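> structural data only, the sequence is not supplied:
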């Protein structure tokens, strides 16, 4: 855990615990969009069977990182290995086979709006396996029971509240019993009760079925409360990593500002701009 | 000056890139057609939302267009003492041109814009990415059935339009203006050729159905995933779709009816 | 499940309506029901001038349509038009010495071929040729002749 100044230097990687225990290995990842650099030689490891959190301010590219891991986007440079397979070199078919083993919970839920809750969860099962209707029904109801929404099976997604939609999406993400689930901002815009429900669900699902969870969020408190390991990224670089306890002890001003939610610090309140008085004067002269 | 040139070049490159993307999407959708054999339901649903839901507007417009043709045709033809040819005029205009073209324009406006908005919203709400992450190809599973549905619905809608239009022309010409009923039908049958007129009309509407749905799906798939982006894409679907139909109609007519 | 059933029925109905419309156009609006293609027998006739006679123009006897013009070609040796007529099978008793003329339907209408039956007891059969023909009246020639006659009278 190196200390970081206003422009944090790259921390030295702690040696990976054991090669086989790493599920996702990101090395030298570079990605930019519209000439804006989002990742600049990012390295990180996600360990099997643990809840790993990736935190950072809005616009730090957290969602982009999930999409890169899922193969929805291609990196400009660097390697992303998932379960030993280099995402960049996979054919479309191999990528699809890998994705069957990865669940993803999108920020908006991404439920199919023309299907009801039951059919939404049945969808990936119907697509990938030929199951008798009775088996399928039992499976779907079990998944719904796990998120506590068996009673809502016949509702349409439009009549669900935000928290319920996210729980349904979670049930769908685990429908294929994946080895890993990626959560994209699962807590954003949730009321305290559904936030608590989601927090405990994520932890339960991870421990009950020995899954790996990758959690992207800027809700510091909730995220740190369930994470085994956390990474902080900003400006395309890794700033700090460690267990929640280690992060809480971290003393660098940037980390303190982010974790404690201070309005001003290394990250300034103002977006970079010329001097206010000068701008006003030049406006007046025009 | 340099700026104008640069922006012109930029525009040209963008247009080329857009056409390239639309062609790639088309290839993807065509590749997905084979997998639809195992899922005819998906196509059925699309025929419903593109075809069945357009029946009303097509029938009503067909009726009025046919009635107007009957009225105008009668005024012009009766000046030359050729009111008996009214049936030919009404049927030829409908079967060759108005049936395929107007029904394609109506479908571009009604079903095309709906398709664009639907796909655009699915993109905005991450449903398409969600399918990708479930290892389901959204082009094959979401777009291909819509393309096939539009392709199959259009000739039926155009035939419906023409048939209702002929009846509308008959109603005005024979029922209200007193053209001889026998002459109306017999002249029509003597002049309208099955393979030259009717089959060509059906071919036209197949082409139009294909192109209108393709444009609508591409605009939705390529839309900027914001509210403004979708509204722009919907507008582009209607404008580009209609222009494509009219331009293709000219080309097809020149190919088919130019002796 | 109720909803999908209505969709199925609606799509089925749509297909039926569309096909009925196509059928209506084919049988009632176009000439499909008159295209008994390949059937009937062929006879030929030679004309010095066929005017604007077109392929598929009607062939009629006493005003009743008995067949259609199937093809028109030009005989370079005899400088004549050779017209092949396809006569429907049911009209199988057309006398051998029948007279074929090219008429115009109405003042500006389409050209058609009218057959005037002769008195022979033998009938035309497939491949036969009509010997007696009269060419089309060309409007310009008629007007020219009319003016010439007037000039001679005057």
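The structure has been received and is ready for your questions. It should be emphasised that the depicted structure is a prediction, and the values quoted were computed from it without experimental measurement.
> could you find the closest non-adjacent residue to residue C:113?
Leaving out its chain neighbours, the residue that sits closest to residue C:113 by C-beta to C-beta, 6 or more residues apart in numbering or on different chains is residue C:59, at 4.6 Å. C-beta coordinates here come from the backbone N, C-alpha and C atoms, glycine included.
> need the three-state assignment for the one you found.
strand (DSSP: H, G, I helix; E, B strand; the rest coil).
> and for residue A:39?
Of the three states, residue A:39 takes strand under three-state DSSP.
> distance of it from chain B?
Per C-beta to the nearest C-beta, to the nearest Å, residue A:39 is found 19 Å from chain B.
> for that residue, which residues are in contact?
A:29, A:30, A:31, A:32, A:61, A:64, A:65, A:68, A:75, A:78, A:236 (C-beta atoms under 8 Å, 6 or more residues apart in numbering or on different chains).
> can I get the residues you listed in a markdown table including secondary structure, pLDDT and neighbour count?
Compiled in a markdown table, the contacts of residue A:39 are given as follows (DSSP: H, G, I helix; E, B strand; the rest coil; pLDDT from 0 to 100; neighbours: other C-beta atoms under 10 Å in any protein chain shown):
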| residue | secondary structure | pLDDT | neighbour count |
| --- | --- | --- | --- |
| A:29 | strand | 86 | 23 |
| A:30 | strand | 87 | 15 |
| A:31 | strand | 87 | 21 |
| A:32 | strand | 85 | 15 |
| A:61 | coil | 81 | 25 |
| A:64 | helix | 87 | 18 |
| A:65 | helix | 88 | 27 |
| A:68 | helix | 89 | 23 |
| A:75 | coil | 87 | 20 |
| A:78 | strand | 87 | 18 |
| A:236 | coil | 79 | 19 |
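> include distance to residue A:169 when you put those residues into CSV, please.
Putting these into CSV (distance: C-beta to C-beta, whole Å) gives the following:
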residue, distance to residue A:169
A:29, 27
A:30, 30
A:31, 25
A:32, 29
A:61, 22
A:64, 20
A:65, 19
A:68, 21
A:75, 26
A:78, 29
A:236, 29
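> return the residues of chain C in contact with chain B.
For chain C, the residues in contact with chain B (C-beta under 8 Å from any C-beta of the partner chain) are C:4, C:7-8, C:10-11, C:13-15, C:17-22, C:24-26, C:28-35, C:56, C:58.
> mind listing which of the residues you listed are in strands?
residue C:58 (DSSP state E).
> for the stretch 101-250 of chain A, which segments count as helices?
A:117-128, A:133-146, A:162-173, A:192-208, A:220-226, A:244-249 (DSSP state H, counting those that start in this stretch).
> for chain B, which of these is the nearest?
helix A:117-128 (4.5 Å; C-beta to the nearest C-beta).
> so what does the closest one touch, helix or strand wise?
In terms of contacts (3 or more C-beta pairs under 8 Å, 6 or more residues apart in numbering or on different chains; DSSP states H and E), helix A:117-128 is packed against helix A:133-146, helix A:162-173.
> looking at those, which is buried most?
helix A:162-173 (a mean of 24; mean count of other C-beta atoms under 10 Å in any protein chain shown).
> quick one: average pLDDT of it?
For helix A:162-173, the mean pLDDT works out to 87.
> and the angle for it with helix A:117-128?
If you take axes from the mean of the first three to the mean of the last three C-alpha atoms, to 10 degrees, helix A:162-173 sits at 20 degrees to helix A:117-128.
> what's the mean pLDDT across the helix or strand containing residue B:242?
For residue B:242, the element it lies in under DSSP states H and E is helix B:227-257. Averaging pLDDT along helix B:227-257 gives 92.
> and of the helices and strands packed on helix A:117-128, who's closest to chain C?
From those, taking C-beta to the nearest C-beta, the stretch that ends up closest is helix A:133-146, at 11.7 Å.
> for the stretch 1-150 of chain B, what lies in contact range of chain A?
Counting by C-beta under 8 Å from any C-beta, the stretch 1-150 of chain B sits next to chain A at B:121-122, B:125-127, B:129-137, B:141.
> ok, now which ones touch residue A:78?
So, once contact is read as C-beta under 8 Å, 6+ apart, residue A:78 ends up touching A:26, A:27, A:28, A:29, A:30, A:39, A:41, A:42.
> tell me the contacts of the residue in chain C positioned nearest to chain B?
With C-beta to the nearest C-beta as the measure, residue C:18 is the residue of chain C nearest to chain B, at 2.6 Å. Residues near residue C:18 by C-beta under 8 Å, 6+ apart: B:51, B:155, B:156, B:157, B:159, B:160.
> also residue A:127?
B:134, B:135, B:136, B:141.
> now, among the residues you listed, which is nearest to chain C?
Comparing the contacts of residue A:127 against chain C with C-beta to the nearest C-beta places residue B:141 closest, at 17.5 Å.
> and residue C:39, what element?
Using DSSP H and E, no helix or strand contains residue C:39.
> my guess is it contacts residue C:89, does it?
Yes - at 6.2 Å, residue C:39 counts as touching residue C:89 under the criterion of C-beta atoms under 8 Å.
> which non-adjacent residue is nearest the residue of the stretch 1-150 of chain A found nearest chain B?
Residue of the stretch 1-150 of chain A nearest chain B, by C-beta to the nearest C-beta: residue A:110 (3.3 Å). Using C-beta to C-beta, 6+ apart and skipping residues adjacent in sequence, the residue nearest residue A:110 is residue B:130, 3.3 Å away.
> check the secondary structure at that neighbour for me.
Relying on three-state DSSP, one would call residue B:130 helix.
> got phi/psi on residue A:60?
Dihedral pair for residue A:60: phi -80, psi 0, per degrees, to the nearest 10.
> ditto for residue A:130
Residue torsions, per degrees, to the nearest 10, at residue A:130 are phi -100, psi 100.
> and it, how many neighbours?
7 (other C-beta atoms under 10 Å in any protein chain shown).
> how close does it get to residue A:116?
When C-beta to C-beta, to the nearest Å is the yardstick, residue A:130 and residue A:116 sit 22 Å from each other.
> so what's the backbone phi/psi at residue C:89?
Given degrees, to the nearest 10, the pair of backbone angles that residue C:89 has is phi -60, psi -30.
> can you give me the pLDDT of residue 19?
All of this refers to chain A. pLDDT for residue A:19: 47.
> if you could check chain C rather than the one you did, that'd help
Model confidence at residue C:19 (pLDDT) stands at 89.
> hmm, back to that, out of the residues of chain C next to chain B, which end up buried?
Buried subset of these (neighbour count, 16 or more other C-beta atoms under 10 Å in any protein chain shown): C:7, C:10-11, C:14-15, C:17-18, C:21-22, C:24-26, C:28-32, C:56, C:58.
> quick check: the two most widely separated of the residues of the stretch 1-150 of chain B next to chain A?
B:121 and B:135 (22.3 Å; C-beta to C-beta).
> can you list the buried residues in stretch B:93-111?
Quick answer for stretch B:93-111 (16+ other C-beta under 10 Å): B:93-111.
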